[in-house]
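Undergrad: fold the following.
(one chain, ligands or ions: 1)
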Amino acid sequence: MFNKANLSNTANAANQDQLVWKMLFDRQTALLHRRAVPAFSQGLARLGLRREAIPDIGQLSATVREHTGWQLAPVGRPFEPAAFFELLAERKFPIVTRIRPMHRFDFSPEPDLFHDLFGHVPMLLDEGLADFLHALALAYRAQPANSPAREQLWALYFFTAEFGLVQHEGQPRLYGAGLLSSAGEIHHCVNEYTPRPAFDLATVLHTPVTGTRYQNQYFMLPAWEQLTDCVEELAGMLAVVRA
Ligand SMILES: [Fe+2]
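TA: Next up is the predicted model:
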């Protein structure tokens, strides 16, 4: 039955979502100027992401597929690691379809549409990161459920695709989605007192993933190519872990 009040509430909620997107987009693009890895701004431009409107996930998926063969899979809520990596192994990236409400503008306790679309999708157009994620997911799937190796691979994902930094022309640049999509995390990360040790695969694999609001440290790749190189190194290490 037609209900004018419900229709009005739905329209208000949709307008609110668009406003949250626009405000987050403006804040993050300003903050990320000369702080994000160049692949991020190139990805934003190729995808045609803009402040004026929340993009259509299907159209974005088609663009990403043209570039790196990945697709976007709309989901209602974030996945647990096993289901998450199962999707990544098929070169599909889950996108939470809800954006945070205005009262959680500054901090979303779990990934939302802004984190996934703005933080992850531009980087999926980078072949190095796209192939790294696929290799990581295949490695995860090959390990026994609840094994220490799976926890280590989750840590590797966490400290790269979510909270990774890379040296670019002598400067730290952000490429992890948890950084790219969060003003608070960026400020915490670039703070002179926050440790940013050089990326070392063995160290990262054995660094526990914590549920704290901000990370205690951020690992910095000396060069972007090291992400690709560490896949081979990883294969050797996993053989040791499994033995
Ligand atoms: Fe994420």
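Undergrad: within range of the ion, give me the residues from the protein.
TA: Within the chain, the positions lying close to the ion (C-beta under 5 Å from the ion) are P111, A177. Any C-beta I mention is one placed from the backbone N, CA and C, and that applies to glycine too.
Undergrad: do a quick rundown of the strands in the chain.
TA: Applying DSSP state E to the chain gives strands spanning 71-75, 92-96, 165-168, 171-174, 220-221.
Undergrad: so which of those is nearest S182?
TA: Nearest to S182, of all the strands of the chain, is strand 171-174, at 10.2 Å by C-beta to C-beta.
Undergrad: in a markdown table, list the strands of the chain along with mean pLDDT.
TA: Formatted as a markdown table, the strands of the chain follow (pLDDT from 0 to 100):
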| stretch | mean pLDDT |
| --- | --- |
| strand 71-75 | 97 |
| strand 92-96 | 98 |
| strand 165-168 | 96 |
| strand 171-174 | 95 |
| strand 220-221 | 97 |
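Undergrad: okay, those in TSV with mean neighbour count next?
TA: Output for these, formatted as TSV (neighbours: other C-beta atoms under 10 Å):
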stretch	mean neighbour count
strand 71-75	17
strand 92-96	20
strand 165-168	21
strand 171-174	18
strand 220-221	20
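Undergrad: could those strands be laid out in a markdown table, adding distance to F158?
TA: Listed next are those as a markdown table, based on distance: least, C-beta to C-beta, whole Å:
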| stretch | distance to F158 |
| --- | --- |
| strand 71-75 | 19 |
| strand 92-96 | 16 |
| strand 165-168 | 13 |
| strand 171-174 | 15 |
| strand 220-221 | 15 |
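Undergrad: who wins for proximity to L113 among those?
TA: Comparing the strands of the chain under C-beta to C-beta, the one sitting nearest is strand 92-96, at 5.6 Å.
Undergrad: what's in contact with that closest one?
TA: 57, 70-79, 84, 87, 110-113, 115-117, 120-121, 124, 133 (C-beta atoms under 8 Å, 6 or more residues apart in numbering).
Undergrad: go again with 7 Å.
TA: The contact list for strand 92-96 (C-beta atoms under 7 Å, 6 or more residues apart in numbering) reads 57, 70-75, 77-79, 84, 87, 111-113, 116-117, 120, 124.
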